[in-house]
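Asker: model the following, please.
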Amino acid sequence: MATLADVARLAGVSQATASRIINGSAKLVTEELRTRVLQAVAELQYVPNAHAQQLARAHRSAVGVIVHDVSDPYFAEITRGLQRVATTQGRLVIICNSYRDPDRELEYVELLRAHQVAAMILAGSGYHDEAFTRSLARKLQAYLSTGGRLTVIGRHELAGDSVEPENEAGGYLLGTEVFGLGHRRVGVIAGPAVLTTTSDRLAGLRRAAREHGRTLPARRVAYANFDRDGGAAAAARLLDANPGLTAIVARRHAGLDDGTAAAGGDGRAGDDDRARPGRRRAPGGTDPRRAGPPGERRPAARHPVDRPTRDLGRWYPAWRGCQRPRSPCSTVERCRYPA
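Answerer: Numbers count the residues shown, from 1 in each chain. This is a model prediction of the structure:
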């Protein structure tokens, strides 16, 4: 493997000069020297040591993203949006999967700090866990004190910039649609109870239920991981405990279709006998198709999740050097910035 010394020797320059040219130093060199060094780099197929460059530069080029599970379509779209913008700005995105394990998330914060990333983005929901939140806040404060930047997606009890999907409002809109169609016995396949996202969505659904003179008791809520097995098991539990359900509300996740299909998998009433909330025009939504009344089956809603993250990448303070976005946020997220 070629070294910097090999490049300098072939180009007939000092190692210091070769390093300045390869690393794009602001110090001026003649065009002749630049051409000789770049020709030597190409001939030897020299690749600079990224770790050495990081130590030599004041500019940090990597951005760390911690997601709960990149195989989840929600997080896959978020990381896709971030990577699109990072690529255009010559930055590397380091993706870390915590699998909703708070201890692993703390370890990744330390690891990304050790790699001296320019910014960290916590893309997963916050936790209803005070001890974890305190530990996370301490680690992030240590990182911020070194000049790093932080943004969180979702509701977190942390200081910093944030992009907050309107989970409570979204739950309310969905509940208004379902209860407005006449459904009285509605079940919910919710996410893990420890997540703030889950509690916010449920709060919105319950607000809509109250306004329509309905209730959403605990027995009609099944908490589950956002995966295929979790969705199916949650639907089965709901139907065993509440055989008279006319609608099931579920977050879009891998288990949604299997979860609703479980209704007819063992001889019980199938999908055609109970409705799922269909597509409804929410802020930023596409291809709206309204949910049907009891007895009518409709497909699930979809939202272009990667759009807010593409916007996030465009105005991210660590990338642009500004405190506020250069264009207004979409109506899907509510953002907070330091004054």
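Asker: which stretch of helix or strand covers the nearest residue to residue 212 once chain neighbours are set aside?
Answerer: Taking CB to CB, 6 or more residues apart in numbering, and ignoring the residues beside it in sequence, residue 212 has residue 179 as its nearest neighbour in space, at 3.9 Å. C-beta coordinates here come from the backbone N, C-alpha and C atoms, glycine included. Residue 179 is part of helix 167-180 when elements are defined by DSSP states H and E.
Asker: report the rounded mean pLDDT for that helix.
Answerer: Confidence over helix 167-180 (mean pLDDT, whole number) is 93.
Asker: could you pull out the helices in the stretch 1-150 of the chain for me?
Answerer: Assigned helices in the stretch 1-150 of the chain, in chain order: 4-11, 15-22, 31-44, 50-56, 73-88, 102-114, 130-144 (criterion: DSSP state H, counting those that start in this stretch).
Asker: same list (those) but as TSV, adding mean pLDDT and distance to residue 207.
Answerer: As requested, the helices of the stretch 1-150 of the chain are exported to TSV (pLDDT from 0 to 100; distance: least, CB to CB, whole Å):
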stretch	mean pLDDT	distance to residue 207
helix 4-11	90	63
helix 15-22	85	59
helix 31-44	90	62
helix 50-56	57	49
helix 73-88	89	23
helix 102-114	93	29
helix 130-144	93	25
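Asker: want to try JSON lines for the ones you listed, with mean neighbour count as columns?
Answerer: Putting the helices of the stretch 1-150 of the chain into JSON lines (neighbours: other CB atoms under 10 Å) gives the following:
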{"stretch": "helix 4-11", "mean neighbour count": "18"}
{"stretch": "helix 15-22", "mean neighbour count": "19"}
{"stretch": "helix 31-44", "mean neighbour count": "15"}
{"stretch": "helix 50-56", "mean neighbour count": "12"}
{"stretch": "helix 73-88", "mean neighbour count": "18"}
{"stretch": "helix 102-114", "mean neighbour count": "17"}
{"stretch": "helix 130-144", "mean neighbour count": "15"}
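Asker: export these to CSV and append columns for distance to residue 202.
Answerer: Written out in CSV, the entries for those read as follows (distance: least, CB to CB, whole Å):
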stretch, distance to residue 202
helix 4-11, 58
helix 15-22, 55
helix 31-44, 58
helix 50-56, 44
helix 73-88, 17
helix 102-114, 21
helix 130-144, 20
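Asker: only C-alpha atoms, please: export the helix or strand just after the helix holding residue 179 in PDB.
Answerer: As assigned by DSSP H and E, the chain's next helix or strand after helix 167-180 is strand 186-190. What follows is strand 186-190 as a C-alpha-only set of coordinates in PDB (Å, rounded to 0.1, in the frame of the first residue of the first chain):
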ATOM      1  CA  VAL A 186     -61.900   0.700  18.300                       C
ATOM      2  CA  GLY A 187     -58.700  -1.200  19.100                       C
ATOM      3  CA  VAL A 188     -55.100   0.100  18.900                       C
ATOM      4  CA  ILE A 189     -51.900  -1.700  18.100                       C
ATOM      5  CA  ALA A 190     -49.500   0.700  19.700                       C
END
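Asker: and strand 186-190, what does it pack against?
Answerer: For strand 186-190, the packing partners by 3 or more CB pairs under 8 Å, 6 or more residues apart in numbering; DSSP states H and E come out as helix 167-180, helix 196-211, strand 221-223, helix 228-241, strand 247-250.
Asker: which one of the ones you listed is the most hemmed in?
Answerer: With neighbours taken as mean count of other CB atoms under 10 Å, the helices and strands packed on strand 186-190 reach their highest mean count in strand 247-250, at a mean of 25.
Asker: for the record, mean pLDDT for that strand?
Answerer: Averaged across strand 247-250, pLDDT comes to 90.
Asker: hmm, who's touching stretch 188-203?
Answerer: Defining contact as CB atoms under 8 Å, 6 or more residues apart in numbering, one finds that stretch 188-203 is touched by 100, 125-129, 154-156, 165, 167-168, 170-171, 205, 216, 220-226, 231, 234-235, 238, 248-251, 253, 255-256, 259.
Asker: 7 Å - rerun?
Answerer: For stretch 188-203, contacts defined as CB atoms under 7 Å, 6 or more residues apart in numbering pick out 100, 125-129, 154-155, 167-168, 170-171, 205, 216, 220-226, 231, 234-235, 238, 248-251, 259.
Asker: how far does it sit from its chain's centre?
Answerer: Mean C-alpha position of stretch 188-203 versus that of the full chain (CA atoms, centre = their mean, to the nearest Å) differs by 16 Å.
Asker: of the helices and strands packed on strand 186-190, which is nearest residue 109?
Answerer: For the helices and strands packed on strand 186-190, proximity to residue 109 was assessed by CB to CB; helix 196-211 is nearest, at 18.1 Å.
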